[in-house]
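Trainee: Kindly generate the corresponding structure for this input.
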Amino acid sequence: MKEITNDILAKVIRKRPADSYKGTYGRIALIGGSQNFGGAIIMASLAAVYSGAGLVTTITDPTNQTSLHDWLPEAMFVDYHDLKTAAPIIKSADVVVIGPGLGTDNNALSILTKTFELAHDKQTLVIDGSALTLIAHNHLALPEASLNILTPHQMEWQRVSGIKIADQTPEKNQAAANQLNAIVVVKSHRTEVYAAGKIYQNTGGTPAQATGGMGDTLAGLIGGFTAQFDNKTNATLAAVYTHSAIADKLAKKQYVVLPHQISEALPKFMLKNQRTN
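Mentor: Residues are numbered from 1 along each chain as shown. Below is the predicted model:
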């Protein structure tokens, strides 16, 4: 098992070239946020924008539109009940983040299955939250064309993999990740990442992160990094480390770290840790 440390940042975060434009930094579609869980997709969208994604579209319930634009005027909005409008945006995205606050009703299932149908070989899917529960309960196969990144907490991983929490050893987790042919980020006190036959363990993290929305923020951050940076495994590792490193710093001066505070700290953190040569 390899440790995820500060060294991963310079391998991933690069200085922006002078001749770049917003298309250089990727198109992301974030899908989720039912009427009762709009905050989840807003927090994921915050992380995607603040981590530097070029164009961000949030596909969510219309009850969330005002809050979304209040928090994040940079994000575009599409009604997730309108699949005819949403479909071309999903298909054209470099990265799709699906699941934060999505819910598990029939509408959510329809959105998820449509997203899987539209997936293609130039696309990365970050699958989080409710989407993982829908996959488990409906025995859905992951798309074969796209690169799939799963971000379960331990109970969600139990549902998807069938491995009980008490039995989730690195070896069993790796075998399940290999079978899924996916990068798997199992969130815990020391988050583990399973990718390309290798196992990585994060060295950061604090109990100050134990609050709602933290995983949604990580999903959006992984989306933002994988949209911008070519090596998707390293981008995932860097996102995991960045998420906890910012929280560790904030926790030195406050009892609890709120997810949106991590997002707001991203631009300065990335500037400090970018590769300049």
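
Trainee: Spatially nearest residue to the residue most central in space within the chain, not counting backbone neighbours?
Mentor: Centroid check for the chain by C-alpha atoms, centre = their mean gives residue 219 as the closest residue, at 1.8 Å. Ranked by C-beta to C-beta, 6 or more residues apart in numbering and with sequence neighbours excluded, the top spatial neighbour of residue 219 is residue 128, at 3.9 Å. To be clear about C-beta, it is placed using only N, CA and C from the backbone, and glycine gets the same treatment.

Trainee: pretty sure that neighbour is touching residue 217, no?
Mentor: No: using C-beta atoms under 8 Å, residue 128 makes no contact with residue 217, being 10.4 Å away.

Trainee: who touches both of these two?
Mentor: Contact criterion C-beta atoms under 8 Å, 6 or more residues apart in numbering; residues shared by residue 128 and residue 217: residue 44.

Trainee: in the helix or strand hosting residue 193, what's buried?
Mentor: Per DSSP states H and E: residue 193 is located in strand 192-195. For strand 192-195, the neighbour count (16 or more other C-beta atoms under 10 Å) marks 192, 193, 194, 195 as buried.

Trainee: Then stretch 128-148?
Mentor: For stretch 128-148, a neighbour-count test (16+ other C-beta under 10 Å) marks 128-136, 142-143, 146-148 as buried.

Trainee: nearest to residue 157, of those?
Mentor: residue 132 (8.0 Å; C-beta to C-beta).

Trainee: nearest spatial neighbour of residue 261, skipping sequence neighbours?
Mentor: Excluding its sequence neighbours, the residue lying closest to residue 261 (C-beta to C-beta, 6+ apart) is residue 250, at 5.9 Å.

Trainee: any idea whether the one you found is helix, strand or coil?
Mentor: helix (DSSP: H, G, I helix; E, B strand; the rest coil).

Trainee: Could you check how far it is from residue 5?
Mentor: Computed with C-beta to C-beta, to the nearest Å, the distance linking residue 250 and residue 5 is 19 Å.

Trainee: Between the two, point out the one with more neighbours.
Mentor: The neighbour count for residue 250 versus residue 5, taken as other C-beta atoms under 10 Å, is higher for residue 250 (18 against 14).
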